[in-house]
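**Q** fold the stuff below for me.
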Amino acid sequence: QVQLVESGGGLVQAGGSLRLSCAASGSIFRLNAMGWYRQGPGKQREMVATITSGGTTTYTDSVKGRFTISRDNAKNTVYLQMNSLKPEDTNVYYCKANVRPYAIRVNNYDYWGQGTQVTVSS
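**A** Next up, the predicted model:
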């Protein structure tokens with residue numbers, strides 16, 4: 001089993017910054033791509049940013065130039081630095097990791113964190 005524990009959410013004024021962290025633990029043979037997603041009330045979950053094990057990143061257009069995703073492979077942790085936050089960034093943010101749990105099996109699985117609330121006041 002794999003667990004993802006997120007931290008770093010909170011309340012911030014527009015223009016401020018927050019840094020989210022997500023640490024993966026448990027049965028991890030290989031940690032593949034990791035990413036951050038967000039979901040508002042009554043809306044579908046959307047991709048915010050992803051990063052491969054080699055460090056290649058992708059971002060949704062609305063956060064380009066403001067958010068930066070990074071990872072520390074030694075700590076099995078992914079980060080999301082969020083700058084110049086806007087009220088429309090208010091959402092629950094979820095971490096996702098694609099994991100190969102066992103060396104003897106080639107299967108990879110997606111795991112999700114519990115979510116962390118980010119609220120940006122105007």
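**Q** measure the residue in the chain sticking out farthest from the centre to F29 for me?
**A** Largest separation from the mean C-alpha position in the chain: I104, at 27.8 Å (CA atoms, centre = their mean). I104 sits at a distance of 9 Å from F29 (criterion: CB to CB, to the nearest Å). For glycine as for every other residue, the C-beta is placed from the backbone atoms N, C-alpha and C.
**Q** picking that back up, got phi/psi on the residue farthest from the centre of the chain?
**A** phi -80, psi -10 (degrees, to the nearest 10).
**Q** now do the one 4 residues further on
**A** Note on N108: its backbone torsions stand at phi -120, psi 150 [degrees, to the nearest 10].
**Q** how about the contacts made by it?
**A** Applying CB atoms under 8 Å, 6 or more residues apart in numbering, one finds that N108 lies in contact with 30, 32, 98-100.
**Q** and if you look at G113?
**A** 4-6, 22, 94-96.
**Q** and these as a markdown table, adding neighbour count?
**A** Converted to a markdown table, the contacts of G113 look like this (neighbours: other CB atoms under 10 Å):
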| residue | neighbour count |
| --- | --- |
| L4 | 22 |
| V5 | 14 |
| E6 | 21 |
| C22 | 26 |
| Y94 | 21 |
| C95 | 27 |
| K96 | 19 |
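**Q** secondary structure class for the most centrally placed residue in the chain?
**A** When the chain is reduced to its mean C-alpha position, the nearest residue by CA atoms, centre = their mean turns out to be W36, at 2.6 Å. Per DSSP: H, G, I helix; E, B strand; the rest coil, the local secondary structure of W36 is strand.
**Q** likewise for A24?
**A** strand.
**Q** neighbours of it, how many?
**A** 21 (other CB atoms under 10 Å).
**Q** now do it against V12, distance only.
**A** A24 is 25 Å from V12, by CB to CB.
**Q** could you do N83 as well?
**A** 11 Å.
**Q** tell me where the protein has strands.
**A** Using DSSP state E, the strands of the chain run over residues 2-7, 10-13, 18-26, 30-39, 46-51, 57-59, 67-72, 77-82, 91-100, 109-112, 116-121.
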